[in-house]
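Asks: sequence first, then the predicted structure, then my questions.
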Amino acid sequence: MVEIALMMLVLLSVCFGALLAVAAQQEWVGTWRGHQIVLRNYLTKEELYIDGELIDRKRSALSFSSRLTATVSDAGRTVPVLATIHPSGFGYMRIDAQLFVNGESVALQRVPLGTFETDSTAAVTEEPHDSRWSAVQMLLSDMRSRSSDIVPIINQAEGQLREVLNSIAQLSDQLEAHRELDSASGESGATGLLAIREEREEEARALLAAIQKLHLSTLQGQNIDSSDALNDLRSRLEAEVEVRSNDPTAHARHAATQKQL
């Protein structure tokens, strides 16, 4: 009888350990103003990722309650991020998480561990060093506070504008390099880059104008969901996604769309 009791105790211990391991290893994902925030919980550690970069890590025995902290950039200012991971439920067999950005609670979605591949060496997308970026952040922040319904399209526009302005800066650096080489070689490699940069500049101007138009609509109290301003911005973003696809006719359709807008 003693041997049977010991075997049962060992079996229960193994089952409890397995349940604890499954309960402890969790992952959650949330988004805040274009930033992807991922929380990971393991048996002996918790991790906080923002835009693919490991920001904070805590080590704790059997993953008891932890507080993870960070900051994110928003409209030219730095705001705090706080995440808590803690056991809950009957017998503390469930692990839950909460996320707060700038004091606001952010909804989290529980997903299987490893859903979001992360790289601790990855860098957050660089913020453009362009005066237009700082200016438009004020408009985007104001629109987010006025209408939560348009936040997804605003975040998409912000991401597209970030990419365009960063590419313009990169093209400018490459243009200077070509100019220096042109003077030495007598060749003209800068002409093609000038044309590419002008295309990107035109894209940036059009996107900024669409954002300004939408902001004015929100200030005027228009029905944003059906406004021409929102449709204009949405059309531009859809056209840019299409033109970057592998469809050989995308550029032609993009040019036609731009003429209609």
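Replies: Right, received. Where do you want to start?
Asks: would you agree G114 falls within a helix?
Replies: No - counting by DSSP: H, G, I helix; E, B strand; the rest coil, G114 is not part of a helix but coil.
Asks: out of everything not next to it in sequence, what's closest to it?
Replies: Leaving out its chain neighbours, the residue that sits closest to G114 by C-beta to C-beta, 6 or more residues apart in numbering is E27, at 7.0 Å. All C-beta spots, glycine's among them, are computed from the backbone N, C-alpha and C.
Asks: repeat that for R59.
Replies: Closest residue to R59 apart from its sequence neighbours, by C-beta to C-beta, 6+ apart: K45 at 4.8 Å.
Asks: next one: A210
Replies: Per C-beta to C-beta, 6+ apart, closest to A210 is L233, 4.3 Å.
Asks: hmm, back to that, the residue nearest to G114 and W133: what is the separation?
Replies: Here E27 is placed at a distance of 32 Å from W133 (C-beta to C-beta, to the nearest Å).
Asks: name the element W28 belongs to?
Replies: For W28, the host element (DSSP states H and E) is strand 26-32.
Asks: run me through the strand neighbours of that strand, direction for each.
Replies: Strand 26-32 has the following strand partners under DSSP bridges: strand 35-41 (antiparallel), strand 109-111 (antiparallel).
Asks: give me the buried stretch members for the shortest one, please.
Replies: Read it as strand 109-111. By 16 or more other C-beta atoms under 10 Å, strand 109-111 has no buried positions at all.
Asks: do the same with the longest one
Replies: By neighbour count, with 16+ other C-beta under 10 Å as the criterion, the buried positions of strand 35-41 are H35, I37, V38, L39, R40, N41.
Asks: in contact with the first one, which residues?
Replies: Okay, so that is H35. When contacts are counted by C-beta atoms under 8 Å, 6 or more residues apart in numbering, H35 touches I50, D51, V72.
Asks: next, the residue nearest to it when sequence neighbours are not counted: secondary structure please.
Replies: Counting by C-beta to C-beta, 6+ apart, H35 lies nearest to V72, which is 5.2 Å off, once chain neighbours are set aside. Using three-state DSSP, the structure places V72 in strand.
Asks: V72 reaches L82, doesn't it?
Replies: No - using C-beta atoms under 8 Å as the test, V72 is too far from L82 to be in contact (11.5 Å).
Asks: closest to D173 out of the strands paired with strand 26-32?
Replies: Shortest separation from D173 across these is recorded for strand 35-41, at 26.4 Å, computed as C-beta to C-beta.
Asks: quick one: mean pLDDT for the longest strand belonging to the chain?
Replies: What stands out as the longest strand in the chain, according to DSSP state E, is strand 77-88. Strand 77-88 carries an average pLDDT of 87.
Asks: what residues sit buried inside the longest helix seen in the chain?
Replies: In the chain, assigned by DSSP state H, the helix with the most residues is helix 151-185. Buried residues in helix 151-185, counting neighbours by 16+ other C-beta under 10 Å, are found at 151, 153-158, 160-169, 171, 175, 178.
Asks: likewise stretch 40-50?
Replies: Residues of stretch 40-50 classed as buried by neighbour count (16+ other C-beta under 10 Å): R40, N41, Y42, E46, E47, L48, Y49, I50.
Asks: circling back to that earlier point, tabulate the contacts of H35 (CSV), appending pLDDT and distance to D96.
Replies: Listed next are the contacts of H35 as CSV, based on pLDDT from 0 to 100; distance: C-beta to C-beta, whole Å:
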residue, pLDDT, distance to D96
I50, 90, 20
D51, 85, 24
V72, 88, 22
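Asks: helix or strand: which one has the nearest residue to P87 once chain neighbours are set aside?
Replies: Distances taken as C-beta to C-beta, 6+ apart place I95 nearest to P87, at 5.8 Å, with adjacent residues excluded. Following DSSP H and E, the helix or strand that holds I95 is strand 94-101.
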